[in-house]
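**Q** 3D, please:
(chains A and B)
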Amino acid sequence: MSRIDTLIVAMAREVQNGDCWAQGIATPMTAAALMLAKRTHAPKALLGYAIGNSFSDRSGPLSITRVEELTLSGCLRKWSFTDATREFLPHLNPHEFLRPAQIDPTGATNNICLGPWEKPTLRLPGCGGIADVTPYSKTARLYVPRHTAKALVPQLDFRSGVGRLGKEERQMAGVTGPGPVKLFTDLGVFHWPGSTMEILTLHPGVTADEVTTGTGFPVPIPAEIKLTPAPTEEELRLLREEIDPHGLRELESLNTRERLVRLAQVLRAEARA
Amino acid sequence: MPGWISLSDVRGQFADGQVISIGGMTLYRRPCALVRELLASGARDLTLMSFTSGIESDLLVGAGRVSTVRSCYFGLEVFGLAPMFTKFVADGAVRLVEETEATLAQGFAAKLNHLGFLPIQGLLGTDVLNVRPDLKIVTCPYTGSRHVAVPAIAPEVALVHASMADEDGNVVLGGNLALDREIALLAKKVIISVDRVVPRSEIPEGGVDLPLSTRDVMLVHAPEGAWPTSCHPHYGLDGGAMLAYVVSAGTGGFERYLSAFLGGRRAVDTLVAELEKLV
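**A** Sure thing, here's the model as predicted:
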């Protein structure tokens, strides 16, 4: 059982039956989690997909080349991003897993650039709708497939997602949202009971040391660390055999070189299927 | 009235400095055949005002044709960062106007409604406001709450690839609608490539995304016109071509890939076969 599968199962369990969840741009791992939830404890969840721009009730198998067969074929409804920004997102208020490049101690996030905006050392793809929803959202979760001090930083290079602000700061900025609900990583699940990030659970086998060295800011280590409940055999079987037989769910956790090699393998497997 | 033209006629439609919106969504239903003609036209100093930007936009950036990018996501999804966009921005060779889903969607909506702006709930508390000095804050006259006022915007040129259309210009986009309807309604110059031309009887009930029979748009019959991106339900994403692009552009081979892309699918397939031996 890999840490990535533990992470995905933890994400899946965050979905409650009857919730509406949206999968955002460039977050393939979330599809695995949402579809696992749909097949297990949340069959009535309404799932919206940025890939497809649709509501769909299919739940696998994941694909790179044929993803639209999953989210468009037989879909419930197609929507545009005008629908999404004017109705679906503000009013249906879907829960979302957002994947930032950087997170600071308050849960504010960066999907824009490393280094200064005017002349970045690395320009990232952009924040999509993160800057739109985080100022008011009560339903945002964050996920980071590789929990490292490069991702969890004391100060963001650019703030494109709003975190937990104090009452005065919120008033001054015109922000109404409380910040992200939780952060899911390959080390554990984290939250913001106060103004800075704390451990909710650590995955089986993860040490407090890994969290300390893997985080660029202090994280209090509780005397008694709660464990993320391990995936069941059935959840793992569903992931491996029915939802994601080609192993797309690990792609975001790999470095560039590993990811390209794995992509080639996945594409070959998809061509054969 | 819409006019049917050939792909090569498209080439003459472009000019330096145009503000162009490229339809589709990340790696799906992008008008790549039209972008091939844009590349071949040599038009430069372009502004890309696209909801999202993928391989087709990265080819334009890498070919040195783009001066400004306005897009809420410029990347290749699971294939990684868009290599030329990443490079050109770090080199200071492309100007950025930072956009989000709402600034683009609501900006187009404002223009469609003949309004100067629309208020949104987002952006407050983010650094996006620091890099968008043009954005103003307004106070709601009824509730007193503060909102960013997103200015009305529109492209000059819209390039869209559609799943099918009938002869009269009743266009069915397919899926991944993004903001394609909006740009096709707003742009002065609209070029829509169509994967399949079908008789009126095959248009599904209520299924016309763009009833353009009364508008002066240009329609092009372009089978596989979204390749290497997908065009649901006709064909999926060409993952090999995408992977070959990332590998080429990441190892100094951008020009080679661009040249193959301009040559068409067979040229890229040859390149893909060569690179497959390496990965």
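**Q** neighbours around residue 51, how many?
**A** Here I'm looking at chain A. 24 (other CB atoms under 10 Å in any protein chain shown). Every residue, glycine included, has its C-beta placed from N, CA and C.
**Q** looking at chain B here, not the other one
**A** For B:F51, the count of nearby residues is 28 (other CB under 10 Å).
**Q** how far away is the closest residue to B:I20 other than its chain neighbours from chain A?
**A** Leaving out its chain neighbours, the residue that sits closest to B:I20 by CB to CB, 6 or more residues apart in numbering or on different chains is B:V157, at 4.5 Å. Distance, B:V157 to chain A, by CB to the nearest CB, to the nearest Å: 20 Å.
**Q** which residues does B:V157 contact?
**A** B:13-14, B:18-21, B:187-191 (CB atoms under 8 Å, 6 or more residues apart in numbering or on different chains).
**Q** now a ChimeraX select for only the buried ones of those.
**A** The ChimeraX command for the buried members of the contacts of B:V157 (criterion: 16 or more other CB atoms under 10 Å in any protein chain shown) is given here:
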select /B:13,14,18,19,20,21,187,189,190,191
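**Q** relative to chain A, which of the contacts of B:V157 is nearest.
**A** Nearest to chain A among the contacts of B:V157 is B:S21, at 12.7 Å by CB to the nearest CB.
**Q** which ones among the contacts of B:V157 are found in helices?
**A** Using DSSP state H, no member of these sits in helices.
**Q** can you give me the helices for chain A?
**A** In chain A, the segments counted as helices under DSSP H are A:3-14, A:28-39, A:67-71, A:81-83, A:130-133, A:167-173, A:208-214, A:233-237, A:256-272.
**Q** pLDDT on the first one, on average?
**A** In this model, helix A:3-14 carries a mean pLDDT of 97.
**Q** on that earlier part again, just checking, which of the contacts of B:V157 belong to strands?
**A** B:19-21, B:189-191 (DSSP state E).
**Q** how about the contacts made by the nearest residue to B:L96 once chain neighbours are set aside?
**A** Excluding its sequence neighbours, the residue lying closest to B:L96 (CB to CB, 6+ apart) is B:V69, at 5.5 Å. Residues in contact with B:V69 (CB under 8 Å, 6+ apart) are B:47-48, B:53, B:57, B:61, B:85, B:94-97.
**Q** and B:V69, backbone torsions?
**A** phi -120, psi 130 (degrees, to the nearest 10).
**Q** excluding sequence neighbours, find me the nearest residue to A:L254.
**A** A:L254's closest residue in space is A:R262 (CB to CB, 6+ apart), at 5.9 Å.
**Q** now the residue positioned nearest the centre of chain B: how far from B:A184?
**A** Computing the C-alpha centroid of chain B and ranking residues by CA atoms, centre = their mean puts B:I22 first, at 2.0 Å. For B:I22, the distance to B:A184 (CB to CB, to the nearest Å) stands at 12 Å.
**Q** and A:I243, by the same measure?
**A** Counting by CB to CB, the gap from A:I243 to B:A184 is 36 Å.
**Q** the strands in the stretch 1-150 of chain A, which residues?
**A** For the stretch 1-150 of chain A, the strands defined by DSSP state E, counting those that start in this stretch occupy A:20-23, A:46-49, A:54-55, A:77-78, A:95-98, A:102-103, A:109-110, A:113-114, A:122-123, A:140-144.
**Q** most tightly packed of those?
**A** Burial of those is given as mean neighbour count (mean count of other CB atoms under 10 Å in any protein chain shown); strand A:109-110 ranks first at a mean of 28.
**Q** what about it and chain B, touching?
**A** No - using CB under 8 Å from any CB of the partner chain, strand A:109-110 stays clear of chain B, coming no nearer than 8.6 Å.
**Q** I figured A:I243 hits A:L34, correct?
**A** No - the criterion here is CB atoms under 8 Å, and A:I243 misses it with A:L34 at 9.7 Å.
**Q** these two: which has the busier surroundings?
**A** Taking other CB under 10 Å, A:I243 and A:L34 do not tie; A:L34 has more neighbours (29 against 25).
**Q** check the secondary structure at B:S213 for me.
**A** coil (DSSP: H, G, I helix; E, B strand; the rest coil).
**Q** how much space separates it from A:R58?
**A** From B:S213 across to A:R58, the span is 34 Å (CB to CB).
**Q** with A:I25 instead?
**A** Per CB to CB, A:I25 is found 19 Å from A:R58.
**Q** between those two, who's got more neighbours?
**A** For A:I25 versus A:R58, neighbours defined as other CB under 10 Å are more numerous around A:I25 (23 against 18).
**Q** out of the contacts of B:V69, which are inside strands?
**A** B:47-48, B:53, B:95-97.
**Q** filter the residues you listed down to just the buried residues.
**A** Buried among the ones in strands among the contacts of B:V69 (16+ other CB under 10 Å): B:47-48, B:53, B:96.
**Q** next, format the residues you listed as JSON lines and append pLDDT and distance to A:I130.
**A** What follows is those, written out as JSON lines (pLDDT from 0 to 100; distance: CB to CB, whole Å):
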{"residue": "B:T47", "pLDDT": "98", "distance to A:I130": "24"}
{"residue": "B:L48", "pLDDT": "98", "distance to A:I130": "21"}
{"residue": "B:S53", "pLDDT": "98", "distance to A:I130": "17"}
{"residue": "B:L96", "pLDDT": "98", "distance to A:I130": "17"}
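**Q** nearest to A:D19 among those?
**A** A:D19 lies nearest to B:S53 out of those, by CB to CB, at 31.3 Å.
**Q** where's that closest one relative to B:E99, distance?
**A** Where B:E99 is concerned, B:S53 sits at a distance of 10 Å (CB to CB).
**Q** who are the contact partners of A:D19?
**A** Taking CB under 8 Å, 6+ apart, one finds A:42, A:45-46, A:94-95 in contact with A:D19.
**Q** what is the nearest of those to chain B?
**A** A:P94 (13.4 Å).
**Q** give me phi/psi at residue 118?
**A** Chain wasn't specified; assuming chain A. As for A:E118, its main-chain torsions (degrees, to the nearest 10) stand at phi -60, psi -30.
**Q** that answer is for a different chain, and I need it for chain B
**A** When read as degrees, to the nearest 10, the backbone of B:L118 gives phi -140, psi 140.
**Q** and what of A:D244?
**A** With angles defined as degrees, to the nearest 10, A:D244 sits at phi -140, psi 60.
**Q** and B:E99, how far is that from chain A?
**A** B:E99 sits 8 Å away from chain A, going by CB to the nearest CB.
**Q** low pLDDT regions in chain A?
**A** Chain A contains no residues with pLDDT under 70.
**Q** no wait, the stretch 151-279 of chain B
**A** Along the stretch 151-279 of chain B, segments meeting pLDDT under 70 span B:279.
**Q** for it, which residues are neighbours of chain A?
**A** On the criterion CB under 8 Å from any CB, chain A has as its neighbours in the stretch 151-279 of chain B the residues B:174-182, B:230, B:232-233, B:236-240, B:243, B:246-247, B:276, B:279.
**Q** all set, thanks.
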